[in-house]
Every structure is written in structure tokens, then in C-alpha cells.
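*Asks:* Let me see the structure of the following:
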Amino acid sequence: MLRAVLFDLDDTLVDQKSAAGEAVTAWAAEHGITDGDVSQRWARISEVHYARYQRREVTFAEQRWDRVREFLAIDVDNQQADEIFSGYHERYEAGWTTFDDTVPALRRARAAGLAVALLTNGDEGHQRLKLNKLGLADEIDVLIASSMLPAGKPDPRAFRCAVERINVDANQALMIGDSLENDVRGALSAGLDAVLLDRHNTHHDTHVTRVRSLHDLTFDQETPRSKN
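*Replies:* This next block holds a predicted model:
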């Protein structure tokens with residue numbers, strides 16, 4: 001029987017990609033960078049350094065500083081890097097928005113009698129700020145960030161610790177997220193059920209349970225499923 005639903009946060013409930021792309025474009029222009037690859041290059045650099053943070057090779061702050069140094073190709077100390085990063089982050093934070101299917105999905109899950117948790121590969125303080133600013137804190141039961149865990153997704157330990165925190169067995173929990181590797185394959189390897197949120201239809205040939213929108217999901221304590 002299904003007892004809990006775990007949602008990813010960024011690009012599942014919150015449009016992080018759009019916020020980051022718009023923020024870095026304006027921020028980079030201030031530093032004389034205006035080529036057409038700005039957003040994609042920032043995303044690639046961010047992914048590399050954020051993965052280092054998830055492996056506990058650097059701190060959350062350090063991965064930010066290293067992103068600045070690599071993207072702008074500058075040699076600055078940590079305080080300078082932090083000051084420079086703030087120009088990006090202020091714009092990024094101002095651009096946070098939820099998807100139109102976010103709150104309805106969270107409320108449907110709760111109405112079905114399920115515990116609703118967020119399992120995010122992020123810093124607890126940063127993600128809690130995001131929830132509070134977007135009015136999502138009251139729509140969930142618990143936030144579980146990777147900074148609180150021995151490892152981030154897709155490491156099975158992240159999912160095992162998460163279900164322990166909400167006091168359910170792995171086979172009683174469903175993970176929903178936009179990352180095939182981090183959310184879906186990671187959850188399945190830990191014994192949870194999983195649904196891939198594929199908003200842009202980029203995984204149409206993948207043999208996992210998949211939906212294009214959270215509107216497509218119903219929540220049943222016996223069988224979580226797509227409406228389609």
C-alpha cells in the first residue's frame with residue numbers, strides 16, 4: 001500500500017531552469033559576456049561543480065565560488081567570488097516560480113491520505129528559503145535535503161534515509177521527479193516506485209513510468225498511476 005509520495009523540487013515543482021537561464025544571461029552581460037551559449041555553458045559548469053558538492057568534495061559555498069571562477073575565467077579569492085556570485089543569485093532568486101501543476105498535485109496527494117515529502121539534492125537552508133518564498137512550505141509535510149543526508153540522489157542511501165525520516169518502508173513510497181538518473185533510477189534501485197516527469201518529452205523511448213505533467217497523475221493508496 002502506498003503511504004508516501006516524495007517529490008523532487010527543482011524543475012519538478014519549481015521552474016529552476018528558466019530562472020537560472022534568465023539570471024545568468026543578465027548577470028553575464030554585466031561582465032561583458034553576451035554570446036549565445038551563455039545559459040548552456042553556465043548549466044554545464046554548474047552541473048559539474050554541483051556534482052562535486054553532492055559527493056562531499058566541496059562545500060555548498062565552494063561549489064558556487066568555483067562556478068564563478070570557471071565561468072568568468074577569473075582568479076579571485078573566496079570573498080570576491082561570493083560577492084560576484086551574489087549578482088547572479090539575486091536575479092535567480094527573483095525568477096523562482098512554480099509550475100501550474102505543482103500545488104494541485106501536492107494537494108491531490110494529501111487528499112489521498114498520503115504523506116508528502118520533498119527529496120531534493122540541495123542545501124537545506126537554500127531550499128527552505130525557496131519553499132517559503134513560493135508559498136510551498138505549507139503544502140508539504142517534510143523537506144529532506146541532501147545536505148541533511150550522507151549522500152545525494154541517485155545514491156540509494158539518500159532514498160533509504162528519506163523513507164526512514166517519514167517512517168515508511170521503501171515499497172510504500174513513490175518518488176516523482178524530472179531526472180531519469182537521480183530521481184527515477186535512483187529510487188528504483190533503493191526499492192521505491194518511481195514516476196518520471198518528462199515535461200519536454202525527451203525520454204519517450206525510456207521504459208519507465210512517465211508523465212508529461214503532474215496534472216496527469218492520480219494518487220491511490222493501492223496503485224499510483226497516470227491518468228492517461
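*Asks:* measure stretch 109-128 end to end?
*Replies:* Stretch 109-128 stretches 20 Å from its first residue to its last (CA to CA, to the nearest Å).
*Asks:* Give the buried residues for that stretch.
*Replies:* Neighbour-count burial for stretch 109-128, with 16 or more other CB atoms under 10 Å as criterion, is recorded at 109-110, 114-124, 127. For the C-beta atoms, the positions are set from N, CA and C on the backbone; glycine is no exception.
*Asks:* would you turn those into a markdown table with distance to K17?
*Replies:* Conversion of these to a markdown table gives the following (distance: CB to CB, whole Å):
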| residue | distance to K17 |
| --- | --- |
| A109 | 24 |
| R110 | 27 |
| L114 | 27 |
| A115 | 28 |
| V116 | 23 |
| A117 | 23 |
| L118 | 18 |
| L119 | 19 |
| T120 | 15 |
| N121 | 15 |
| G122 | 14 |
| D123 | 18 |
| E124 | 22 |
| Q127 | 16 |
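*Asks:* Quick one: those residues as CSV, columns for secondary structure too.
*Replies:* Conversion of these to CSV gives the following (DSSP: H, G, I helix; E, B strand; the rest coil):
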residue, secondary structure
A109, helix
R110, helix
L114, coil
A115, strand
V116, strand
A117, strand
L118, strand
L119, strand
T120, strand
N121, coil
G122, coil
D123, coil
E124, helix
Q127, helix
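*Asks:* List just the nearest of these to L9.
*Replies:* Comparing these against L9 with CB to CB picks out T120 as the nearest, at 4.1 Å.
*Asks:* wait, what's in contact with that closest one?
*Replies:* Counting by CB atoms under 8 Å, 6 or more residues apart in numbering, T120 makes contact with 8-10, 127, 143-146.
*Asks:* what domains does the record give for this structure?
*Replies:* Taking automatic domain parsing as the reference, the chain has its domains at 4-15+98-226, 16-94.
*Asks:* tell me the most buried of these?
*Replies:* Mean neighbours per residue, mean count of other CB atoms under 10 Å, is largest over these for domain 4-15+98-226, with a mean of 19.
*Asks:* circling back: turn the buried residues of stretch 109-128 into a markdown table, including pLDDT and distance to A173.
*Replies:* Below are the buried residues of stretch 109-128 laid out as a markdown table (pLDDT from 0 to 100; distance: CB to CB, whole Å):
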| residue | pLDDT | distance to A173 |
| --- | --- | --- |
| A109 | 97 | 12 |
| R110 | 96 | 15 |
| L114 | 97 | 9 |
| A115 | 97 | 9 |
| V116 | 98 | 11 |
| A117 | 98 | 8 |
| L118 | 98 | 13 |
| L119 | 98 | 10 |
| T120 | 97 | 15 |
| N121 | 94 | 17 |
| G122 | 89 | 19 |
| D123 | 92 | 23 |
| E124 | 95 | 20 |
| Q127 | 96 | 19 |
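*Asks:* All good on my end, thank you.
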